[in-house]
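Q: Test case, fold it:
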Amino acid sequence: MAKARFNIAGKSGRESIRIVGNVRQTQLITTFGIGATVDFVHDTVIVAGTDDWDTGNNAGNVESRKIFNENLQSIAGVEFFLEPKASGSSGWVKPKDIPAFVFPEMLYCPKCKRLVTAKEALNATPKKPNRCCLSRPDGAQCTGTLIASRFIVVCENGHLEDFPYDWWIHGDAGCQAGRAARFSMYNISDRSDIDSLFVKCDICGKQRGMSSAFAPAAFGGDHGYSCKGNHPHLKEKKAKNEPDCEMQLKTRLRSSSSVYYPVTASALLIPPWSREAVIIVERLFDALQYMPDPKQYLQTKTTPTTTVSQLLDAYAIIKARKGTAAPRSEREIYIDEYRVLSEGASENEPGDYSAYVADVPVGFEKHIEQITIVDRLTVTETLMGFTRLKPWGGEYSDNGEGTRRLAPLSAIRKTWLPATQLRGEGIFIRFRQGMLKKWVKRVHGRYSKMEHHLSLSFLRSRTDRFSPEYVLMHTFSHLLIRQLANECGYSAASIKEKIYSTFTSPSSKNEKMSGVLIYLASSDCDGSLGGLVSIAQNPERLRIILENMLIKAAWCSGDPLCITSTEQGFDALNYSACHDCMLLPETSCEFRNVLLDRVSLVGTPDAPQLGFMGSILNNYEEINEDWQDESIEDEPNITITETRHQLFGDYTDWTDASALFDDHVIQVMTLNNAPLAESYEVELLIDSHPVHALLLWETQKVIVYEELSMDDAAVLEVHGWTCLDANNLTAEGISEAFGGTQSG
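A: Next comes the predicted model:
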């Protein structure tokens with residue numbers, strides 16, 4: 001529920017408060033969070049800050065709205081979280097739970113084409129502040145309905161203002177007619193495009209087009225319009241101790257998605273923090289820590305499912321954690337969750353987490369090591385702040401390298417953040433690390449270009465998450481969510497993912513992870529219907545879903561462009577992934593719909609071995625596949641016989657050796673500056689099995705062949721060799737083989 005009020009004074013000098021609409025609690029943490037503009041039926045408002053969430057009329061129920069999640073508290077640096085107030089409705093009186101302010105404050109009348117401030121409209125008609133209060137040229141009252149102005153100005157530090165119409169027309173001098181300016185906005189020649197839109201001062205007659213307002217430097221220059229540092233979601237429009245803003249304002253439509261980017265964080269509630277006894281004691285800890293003997297008090301807090309002994313154990317756990325000054329990192333929290341999910345069976349103690357192990361579907365045992373059904377799952381999601389114009393890059397403060405600071409949620413920083421607790425269910429799938437290692441060797445360097453693009457993007461602070469294994473598991477997760485939505489009737493937006501992949505940055509606390517959690521968690525019935533649990537409980541049904549997923553992933557309506565692409569998506573951070581085959585609603589994806597590649601899972605028609613599950617889709621047996629052995633040989637069982645002809649040393653370049661090879665070979669090698677091969681007419685032995693190579697670069701581990709079986713190619717590629725077909729030599733293939741970016 002949301003109430004809204006004008007952050008301007010009416011005739012009486014008091015605030016005018018009225019109900020404007022309803023939003024769900026979860027929306028107040030995501031889409032319509034603090035600082036977001038929301039269009040209701042009759043009003044457009046900005047959701048107010050959290051300054052009043054724990055004071056005044058809201059102070060009485062703060063304790064019941066507190067949420068505790070130790071792991072998330074450590075990341076966010078807060079003492080607890082607070083749920084938005086939701087008092088419900090009696091059917092007669094609508095509750096006033098969440099404050100909001102009218103924004104933009106400049107309103108527009110579509111009937112008379114004029115602009116009027118919300119304050120002026122409120123003073124003229126307090127009972128109908130949406131009614132136009134201006135007179136028509138004939139003197140009659142205009143009866144148009146006011147709507148919010150389309151245009152606002154924004155800066156990258158999160159500041160927001162009404163579009164400065166007066167300055168746009170008159171500059172710093174203002175209207176020269178000596179009267180308060182009055183503006184109208186209209187399109188010329190009955191057009192509706194931005195180039196035909198003009199704003200005019202009705203007093204002095206001066207006008208200016210709106211199209212140039214969207215120019216990057218429209219408010220710059222010596223006589224520009226500077227940012228005032230306004231936060232219209234705060235009471236006084238300012239945050240305490242915030243430095244002056246030097247960023248340049250930019251014009252945006254108020255409904256533009258770039259006006260508001262919420263920054264959220266989430267964490268699972270896992271043992272021991274999910275135990276009922278721990279949850280009880282956490283709410284009492286502030287009082288318990290000052291008691292010389294908390295046992296007597298805890299005896300009055302037992303429940304039918306918790307004992308005094310369990311409450312005392314919980315107190316000891318919480319006291320130990322509170323005494324640890326060092327905050328925990330995101331890596332440590334991921335590792336904690338991964339360990340709990342990998343354990344399978346959960347504790348017998350009552351609480352907000354329950355899980356057990358299920359059977360792996362037949363045919364997938366080589367690739368999937370474990371499936372854990374989480375039939376009781378709790379996720380805490382918090383709003384940490386927001387950015388405007390550009391999405392958050394992953395840093396909590398400006399480090400001088402272009403990352404953006406978060407806009408404040410309150411005028412004075414609080415010891416808590418707004419959050420919601422979502423309950424649902426999930427399926428955890430853990431992959432065999434030995435098979436992942438072998439797959440990484442098969443794709444040898446394929447994702448170096450993607451990693452390079454990530455290092456140049458605004459997400460460069462998240463390179464610690466990047467690895468070929470992450471791309472594979474992220475791809476698997478997206479495809480499975482899409483298949484579950486198709487076959488099981490769930491909305492794709494209601495299913496979420498969490499990828500447990502080894503962090504690549506060095507740390508003494510690192511741990512290898514290889515799992516995916518697919519879960520439903522919401523405040524409504526979608527999260528607790530038992531649908532995911534029933535799927536995982538039936539291995540045959542899950543097998544069909546996984547097989548259908550692979551079949552569907554093998555083809556996209558965008559092929560062959562999609563399957564061969566290595567530069568799709570935002571900042572070219574996707575390979576074979578587009579809206580038709582891979583992408584999910586933003587609420588479902590944990591990494592902004594990037595780092596995806598269908599080829600990582602199913603391969604290509606010409607190279608199915610590039611897919612982690614290509615052997616399942618194409619029904620071929622993978623070479624030397626001892627899938628139960630997590631180890632992998634470091635040294636390849638490949639030898640080069642002495643029956644070869646030397647090339648490098650006997651010849652100076654490809655033109656010098658033109659008598660030995662077809663003109664096509666010489667031409668392609670020369671045009672692409674390929675180094676002269678070390679040998680030609682070479683025989684390699686794979687476990688005593690001979691393989692003939694036309695050309696050999698032993699140092700770079702590259703061969704050119706005329707005939708090569710799929711199995712032999714797979715073995716060579718597993719051990720880092722690049723195999724080029726002499727009958728299909730291309731400039732791209734040669735460039736990738738010797739340029740460090742190999743697509744296989």
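
Q: From now on I want contacts and neighbour counts done on CA atoms only, so please keep to that.
A: Fine.

Q: where exactly do the strands run in the stretch 401-550 of the chain?
A: 416-431, 495-501, 514-522 (DSSP state E, counting those that start in this stretch).

Q: So for L480, which of the ones you listed sits nearest?
A: strand 514-522 (8.5 Å; C-alpha to C-alpha).

Q: So I333: helix, strand or coil?
A: Under the three-state scheme (DSSP: H, G, I helix; E, B strand; the rest coil), I333 adopts helix.

Q: quick one, domains of the protein?
A: Using automatic domain parsing, the domain parsing of the chain gives 2-261, 268-328, 331-449+460-551, 638-739.

Q: which stretches of the stretch 151-300 of the chain form helices?
A: 165-170, 276-288, 294-298 (DSSP state H, counting those that start in this stretch).

Q: Throw these into CSV and include distance to F386, thanks.
A: Shown next, in CSV, are these (distance: least, C-alpha to C-alpha, whole Å):
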stretch, distance to F386
helix 165-170, 27
helix 276-288, 29
helix 294-298, 40
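
Q: Which one of the ones you listed lies nearest to H579?
A: helix 165-170 (39.5 Å).

Q: Buried residues in that closest one, which are they?
A: 165-166, 168-170 (16 or more other C-alpha atoms under 10 Å).

Q: So which elements touch that helix?
A: strand 197-201, strand 207-209 (3 or more C-alpha pairs under 8 Å, 6 or more residues apart in numbering; DSSP states H and E).

Q: Only alpha carbons, please: show it as PDB.
A: The C-alpha trace of helix 165-170 is given here as PDB (Å, rounded to 0.1, in the frame of the first residue of the first chain):
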ATOM      1  CA  TYR A 165      11.400  25.500 -18.700                       C
ATOM      2  CA  ASP A 166      12.000  29.100 -17.600                       C
ATOM      3  CA  TRP A 167      15.800  28.800 -18.100                       C
ATOM      4  CA  TRP A 168      15.400  26.900 -21.300                       C
ATOM      5  CA  ILE A 169      13.500  29.800 -22.900                       C
ATOM      6  CA  HIS A 170      14.900  32.900 -21.100                       C
END
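
Q: Which residue is the nearest non-sequential neighbour of T380?
A: Q421 (4.6 Å; C-alpha to C-alpha, 6 or more residues apart in numbering).

Q: wait, I meant V62
A: D54 (6.1 Å).

Q: I figured that neighbour was touching S64, is that so?
A: No: the pair formed by D54 and S64 falls short of the contact definition of C-alpha atoms under 8 Å, at 11.5 Å.

Q: So the residue located most distally from the centre of the chain versus Y651, what's the distance?
A: Note on the chain: the largest C-alpha distance from the chain mean falls to A659, namely 56.8 Å (C-alpha atoms, centre = their mean). Plainly put, A659 is 11 Å away from Y651 if you go by C-alpha to C-alpha, to the nearest Å.

Q: Would you reformat the helices of the stretch 151-300 of the chain as JSON lines and include mean pLDDT?
A: As requested, these are exported to JSON lines (pLDDT from 0 to 100):
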{"stretch": "helix 165-170", "mean pLDDT": "90"}
{"stretch": "helix 276-288", "mean pLDDT": "81"}
{"stretch": "helix 294-298", "mean pLDDT": "82"}
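
Q: The residue nearest to T380: how many residues sit nearby?
A: Other residues within reach of Q421, judged by other C-alpha atoms under 10 Å, total 23.

Q: so what does the helix or strand hosting D336 touch, helix or strand wise?
A: Here D336 sits within helix 330-343, counting by DSSP states H and E. The contact analysis (3+ C-alpha pairs under 8 Å, 6+ apart) places helix 330-343 against strand 368-387, strand 495-501.

Q: in the host helix or strand of S615, what's buried?
A: Assigned by DSSP H and E, S615 belongs to helix 614-618. Along helix 614-618, these residues count as buried under the neighbour rule (16+ other C-alpha under 10 Å): 614-617.

Q: From these, pick the one nearest G344.
A: I616 (25.9 Å).

Q: picking up where we left off before, need the helices and strands packed on helix 330-343 in CSV with mean neighbour count, mean pLDDT and distance to S557, can you?
A: Formatted as CSV, these follow (neighbours: other C-alpha atoms under 10 Å; pLDDT from 0 to 100; distance: least, C-alpha to C-alpha, whole Å):
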stretch, mean neighbour count, mean pLDDT, distance to S557
strand 368-387, 23, 92, 29
strand 495-501, 24, 94, 24
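
Q: could these be laid out in a markdown table, adding distance to S256?
A: Shown next, in a markdown table, are those (distance: least, C-alpha to C-alpha, whole Å):
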| stretch | distance to S256 |
| --- | --- |
| strand 368-387 | 13 |
| strand 495-501 | 25 |
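
Q: which helices and strands does whatever helix or strand comes next after the helix holding S615 pack with?
A: Next along the chain after helix 614-618, taking DSSP H and E as the criterion, comes strand 638-640. With contacts defined as 3+ C-alpha pairs under 8 Å, 6+ apart, the packing partners of strand 638-640 are strand 679-686.

Q: need the helix or strand of this structure with the lowest average pLDDT.
A: Of all helical and strand segments in the chain, the minimum by mean pLDDT, DSSP states H and E falls on strand 2-9, at a mean of 48.

Q: Please pull up the helix or strand immediately following that strand.
A: strand 15-21.

Q: strands paired with the next helix or strand after that following strand, and their directions?
A: Using DSSP H and E, the next helix or strand after strand 15-21 towards the C-terminus is strand 37-39. Strand 37-39 has the following strand partners under DSSP bridges: strand 44-47 (antiparallel).
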